[in-house]
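In: Pasting a predicted model and its sequence here:
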2 protein chains.
Amino acid sequence: MKDIITHLNPAFDHRNRLGIMSILVVNDWVDYNTLKELLSLTDGNLASHLKALELQDFIAVRKKFVGRKPQTTYGATAAGRAAFKAHLDTLEALLHIAREGELD
Amino acid sequence: MKDIITHLNPAFDHRNRLGIMSILVVNDWVDYNTLKELLSLTDGNLASHLKALELQDFIAVRKKFVGRKPQTTYGATAAGRAAFKAHLDTLEALLHIAREGELD
DNA sequence: AAAAGAACTTTGTAACGCAAAGTTAACTGA
DNA sequence: TCAGTTAACTTTGCGTTACAAAGTTCTTTT
């Protein structure tokens, strides 16, 4: 059990972080407002979660123009994908324990 | 996606809470020190997580004696089991989305 | 009598989560 | 042309959380 818990990454504890990463691992370059809408977060709140993930190099920011209008999009980095995958694998292991497993 | 995230219970966000509940749903009445050891938490830290879960009626406390020595054990309540199960089901849905799913 | 263990509580601190308001730069409609 | 709007933040402020470490009470062990 100890091994499992320590393999969960604190950066992904929070449900909104799980949400952000889940979106970004299956969709390349999602823009700010789409994320905001999908997760029903306020501007500031979303920005701070994104910044935290960016500081750990789990997501990357790309600024481009749509026509002449700037647009910010976010994507998961290779490191982010790897870390998140490991997190999900660990969660899955926990699911199994919590459903049928033994205490060990 | 919005639906999924909102179905995750904030009380179970933290990995240590996941650990406590996972242990308690498959083992009836686990004592303090066993939990502490299984999760490698300090006394105070474990106590505060337990208290938070107890305040929400997700776990119950039972004090008994082993010989003449008092022992505190913890168990998941029916409400705790139900809420945790719902949480795990939601996590599982998220796992699927994050592995193959679409953005919706 | 002294040391140790169980199960906390208290204290203190740093980080976190959040909403709301402020900001900057661009774009749009009248 | 200029008031209003949108994008994408940053800042502010506040209540909560996570945590370690130390203190507490009661009891057992030596």
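Out: Here it is on my side, so go on.
In: In contact with residue A:94, which residues?
Out: A:4, A:8, B:18-19, B:22 (CB atoms under 8 Å, 6 or more residues apart in numbering or on different chains). To be clear about C-beta, it is placed using only N, CA and C from the backbone, and glycine gets the same treatment.
In: and if you look at residue A:54?
Out: Contacts of residue A:54 (CB under 8 Å, 6+ apart): A:60-61.
In: Check which helix or strand it maps to.
Out: helix A:43-55 (DSSP states H and E).
In: Which elements pack onto the helix or strand following that helix?
Out: Remark: after helix A:43-55, the chain's next helix or strand is strand A:59-66, criterion DSSP H and E. Counting contacts by 3 or more CB pairs under 8 Å, 6 or more residues apart in numbering or on different chains; DSSP states H and E, strand A:59-66 packs against helix A:15-26, helix A:43-55, strand A:69-76.
In: and with 7 Å instead?
Out: Applying 3 or more CB pairs under 7 Å, 6 or more residues apart in numbering or on different chains; DSSP states H and E, one finds that strand A:59-66 contacts helix A:43-55, strand A:69-76.
In: Just send those back as a markdown table, with distance to residue B:56 and mean pLDDT too.
Out: Shown next, in a markdown table, are these (distance: least, CB to CB, whole Å; pLDDT from 0 to 100):
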| stretch | distance to residue B:56 | mean pLDDT |
| --- | --- | --- |
| helix A:43-55 | 23 | 96 |
| strand A:69-76 | 33 | 88 |
